[in-house]
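Chemist: I need the structure of the sequence given here:
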Amino acid sequence: MNSQESIPTSKVARATQFAKASVKVGGNYIKHYGKKLFDPSLTKEQLHQENATDVYETLSNLKGSALKVAQMMSMDKNLLPRAYTEKFAMSQYSAPPLSAPLVIKTFKKYFDKSPSELFDKFNLQAENAASIGQVHRAEKAGKRMAVKIQYPGVADSISSDLKMARPLAVQLLNLNDAEVDRYFKEVEEKLLEESDYELELRRSVEITKACSHIPDLFFPKYYPEYSSKRILTMDWLDGMHLKEFLETNPSQEIRNRIGQALWDFYDYQIHTLRQVHADPHPGNFLMTSDGKLGVLDFGCVKVIPDDYYDNYFALINPDTLEDEDEIQRIFWKLEFIVEEDSPKNRVFFSDLFKQMIRLLGRPFNSHTFDFGQEGYVDEIYGFFDYVAKLPELKQSKAARGSQHGLYVNRTYFGLYTILNDLKAEIKTTKPEWLTPKHLKGEAV
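Modeler: This is a model prediction of the structure:
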């Protein structure tokens, strides 16, 4: 892969790139419908592929928040056609890396030393390059390390990037203006946190220590002395990413074991720590042939407010769905229904969200759940495809659902998808180590 010698950092340069992407998307629509006049059988799939290629090319060169939005949309498969999600998923692993001179310049800025002066060995060629930064191998005193370097200008361009990306997002997403605004506000807050490697370092140390007792998990050790606001150093972990792991044809026992570790990890964070690793894409996990799961990258952590937690998880209880007064109270509290709704729309949206809760809450309704069962995850994505096309939602001027739901739901979608890929059968009941003290939700 060719390295990138520079990143557009000025507002004008970045705005120009966004504008070019929008023009290309518009041009592709014109070309598509021109061809369709002569060939009515032409489907939108080719249009989606052309748009996805053009948009990804622009965003991958801009890096930062622009590319991170693409990564998020690739995970939220209900938001985009398959051509986009497949292309945007590349942002998790294979964005063009920074060139060696830019890497050295970043080290000199924060340590006043080059990487070769700080480490015994440092590979200037990145092992992988994603949206916010890229990872390099290093060695120090016999220890193998992974060094994550943030791309120049990422933190400074987040707010302006999201403003410029908004029209492009409106072109691609089936969301109304209020939903786009709420989506982008929550994304901006998380991206600002994610670009702060000092915050990530603190959270990484806290959460890995708090979760160290969970069976079959392993985490890297972090090194504050070789870290800064834009550089983060940790142990290099060995293991396979999901696709590579599945190619080894692991046994059902091993897949279940890794799936259980993943479920227990998220269950403990959400119900005990009330803060959660909210970026569960396959690039952030390593799997071993003996059934262990390594966890990487605590840049995106969602802190779950108590009030939201109490209402959200009350919905998962099947008894709640039988109590219409309680359901309506929670729907108002979580903004599933809003003041502007007519009586007819309140009934419509209440029924719609009850369907969603029954579907997403299915794993919690039994002591074990087989995520490999035919069709469950497809049923989830099919439901959200159906929801995205509803005229009642498109015509609504209100944003549906609390802003906190964006990352909590995204976390569950990512978790369910990985467990489905593993075809893991897991115990969903609380493990023995979840003591009454933990159930009170004490902080880390």
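
Chemist: all contacts plus neighbour counts: C-alpha atoms, from now on.
Modeler: OK.

Chemist: how about I270: what's its closest non-neighbour residue?
Modeler: Counting by C-alpha to C-alpha, 6 or more residues apart in numbering, I270 lies nearest to V276, which is 5.8 Å off, once chain neighbours are set aside.

Chemist: check which helix or strand covers the most centrally placed residue in the chain.
Modeler: For the chain, the residue nearest the mean C-alpha position is D279 (3.8 Å; C-alpha atoms, centre = their mean). Using DSSP states H and E, D279 maps to neither a helix nor a strand.

Chemist: measure the nearest residue to it once chain neighbours are set aside to E193 for me?
Modeler: In this structure, D279 finds its nearest non-sequential neighbour in C300, 6.0 Å apart by C-alpha to C-alpha, 6+ apart. C300 sits 7 Å away from E193, going by C-alpha to C-alpha, to the nearest Å.

Chemist: neighbour count for these two, which is higher?
Modeler: Between C300 and E193, counted using other C-alpha atoms under 10 Å, C300 has the larger neighbour count: 20 against 17.

Chemist: contacting residues for the more buried one?
Modeler: Counting by C-alpha atoms under 8 Å, 6 or more residues apart in numbering, C300 makes contact with 190-191, 193-194, 277-279.

Chemist: same check, this time on S402
Modeler: Contacts for S402 (C-alpha under 8 Å, 6+ apart) come out as 334-336.

Chemist: got the confidence number for it?
Modeler: Listed pLDDT for S402 reads 83.

Chemist: about what we covered before: ok, what's across the strand from the residue nearest to I270?
Modeler: K302 (DSSP bridges).

Chemist: that one: how many residues sit nearby?
Modeler: For V276, the count of nearby residues is 25 (other C-alpha under 10 Å).

Chemist: please apply the same query to L360.
Modeler: 19.

Chemist: for it, which non-adjacent residue is spatially closest?
Modeler: I380 is the one closest to L360 (C-alpha to C-alpha, 6+ apart), at 7.4 Å.

Chemist: which helix or strand contains the one you found?
Modeler: Here I380 is assigned to helix 376-388, by DSSP H and E.

Chemist: model confidence over that helix, on average?
Modeler: Here helix 376-388 scores 82 as its mean pLDDT.

Chemist: which strands and helices sit next to whichever helix or strand comes after that helix?
Modeler: Using DSSP H and E, the helix or strand that follows helix 376-388 in sequence is helix 391-395. Applying 3 or more C-alpha pairs under 8 Å, 6 or more residues apart in numbering; DSSP states H and E, we find helix 391-395 packed against no helix or strand.

Chemist: centre of the chain to helix 391-395, how far?
Modeler: 26 Å (C-alpha atoms, centre = their mean, to the nearest Å).

Chemist: what angle do the next helix or strand after it and helix 376-388 make?
Modeler: Moving toward the C-terminus from helix 391-395, the next helix or strand (DSSP H and E) is helix 405-422. Here helix 405-422 runs at an angle of 140 degrees relative to helix 376-388 (axes from the mean of the first three to the mean of the last three C-alpha atoms, to 10 degrees).

Chemist: what mean pLDDT does the helix or strand following helix 405-422 get?
Modeler: Where DSSP H and E defines the elements, the next helix or strand beyond helix 405-422 is strand 425-427. Mean per-residue pLDDT for strand 425-427: 95.

Chemist: quick one: contacts of strand 425-427?
Modeler: With C-alpha under 8 Å, 6+ apart as the test, strand 425-427 has contacts from 256, 259-260, 263, 367-372.

Chemist: let's verify K105: helix, strand, or coil?
Modeler: With DSSP: H, G, I helix; E, B strand; the rest coil as the basis, K105 sits in helix.

Chemist: which residue is the nearest non-sequential neighbour of E139?
Modeler: Computed as C-alpha to C-alpha, 6+ apart, the closest residue to E139 that is not its neighbour in sequence is K121, at 4.9 Å.

Chemist: okay, now that neighbour: neighbour count?
Modeler: As a burial measure, K121 scores 17 neighbours (other C-alpha under 10 Å).

Chemist: quick one: it and R144, what's the gap?
Modeler: Computed as C-alpha to C-alpha, the K121 to R144 distance reads 9 Å.

Chemist: any common contacting residues for the two?
Modeler: A138.

Chemist: and for the residue nearest to L360, the neighbour number?
Modeler: Neighbours of I380 under the rule other C-alpha under 10 Å: 18.

Chemist: can you give me the strands in the chain?
Modeler: 121-122, 128-129, 133-140, 143-150, 217-218, 231-235, 275-277, 285-287, 293-295, 301-303, 368-370, 425-427 (DSSP state E).

Chemist: export those to TSV and append columns for distance to E198.
Modeler: What follows is the strands of the chain, written out as TSV (distance: least, C-alpha to C-alpha, whole Å):
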stretch	distance to E198
strand 121-122	22
strand 128-129	20
strand 133-140	14
strand 143-150	12
strand 217-218	22
strand 231-235	8
strand 275-277	16
strand 285-287	21
strand 293-295	18
strand 301-303	13
strand 368-370	38
strand 425-427	35
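
Chemist: weakest of the ones you listed by average pLDDT?
Modeler: Minimum mean pLDDT among these: strand 128-129, a mean of 76.

Chemist: from the contacts of C300, pick the one nearest Y312.
Modeler: Y312 lies nearest to A278 out of these, by C-alpha to C-alpha, at 16.3 Å.

Chemist: okay, now that closest one: neighbour count?
Modeler: Around A278 there are 24 residues (other C-alpha under 10 Å).

Chemist: sorry, back to before: was I right about the residue nearest to E139 contacting K143?
Modeler: No: with contact defined as C-alpha atoms under 8 Å, K121 does not reach K143; the gap is 10.2 Å.

Chemist: ok, residues contacting stretch 189-206?
Modeler: 65, 132, 150, 154-155, 158, 221-222, 224, 227-232, 297-302, 444.

Chemist: so what's P280 up against?
Modeler: Contact analysis of P280 by C-alpha under 8 Å, 6+ apart lists 411, 414-415.

Chemist: if you set the cut-off to 10 Å instead, what comes out?
Modeler: For P280, the contact set (C-alpha atoms under 10 Å, 6 or more residues apart in numbering) comprises 75, 262, 266, 295-297, 300, 410-418.
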